[in-house]
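Colleague: Structure for the following, please:
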Amino acid sequence: MKTKEQSKTKEQSIGIGIALGTSFGLLFGLMMDNIALGLPIGMAVGIALGAAFGDSKQDQQEEK
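Modeller: Model prediction:
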């Protein structure tokens, strides 16, 4: 059963992932001269990594 703290940790991880993914996607889009393609790719990667990192943090907290 999820606690509020675990849910908050996952939400923060996804938020950080979106922010970093958007930043890297923008840089990728600028380098490839196609921002419209770089932003969605960056956001998708950021959401995926944020969710995975959030799950990893939850697993570590459950072990303690």
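Colleague: Against Gln12, how distant is the spatially closest residue to Glu11 that is not a sequence neighbour?
Modeller: Computed as Cβ to Cβ, 6 or more residues apart in numbering, the closest residue to Glu11 that is not its neighbour in sequence is Gly54, at 7.7 Å. C-betas here are computed from N, CA, C, even on glycine. Look at Gly54 and Gln12: by Cβ to Cβ, to the nearest Å, they are 8 Å apart.
Colleague: The two - which one has more neighbours?
Modeller: Gly54 (22 against 14; other Cβ atoms under 10 Å).
Colleague: so the more buried one sits right up against Ile16, yeah?
Modeller: No. Judged on Cβ atoms under 8 Å, Gly54 makes no contact with Ile16 at a distance of 9.1 Å.
Colleague: so what's the residue nearest the centre of the chain up against?
Modeller: The centroid of the chain falls nearest to Gly17 when counting by Cα atoms, centre = their mean (2.1 Å). Going by Cβ atoms under 8 Å, 6 or more residues apart in numbering, Gly17 touches Gly46, Ile47, Ala48, Leu49, Gly50, Ala51, Phe53.
Colleague: can you tell me which residues contact the fourth one?
Modeller: What that stands for is Leu49. Gly17, Leu20, Gly21.
Colleague: Which helix or which strand is home to the spatially closest residue to the second one that is not a sequence neighbour?
Modeller: Which is Leu20. Closest residue to Leu20 apart from its sequence neighbours, by Cβ to Cβ, 6+ apart: Gly46 at 5.5 Å. For Gly46, the host element (DSSP states H and E) is helix 35-63.
Colleague: What is the distance between that helix and the centre of its chain?
Modeller: Relative to its chain's centre, helix 35-63 lies at 3 Å (Cα atoms, centre = their mean, to the nearest Å).
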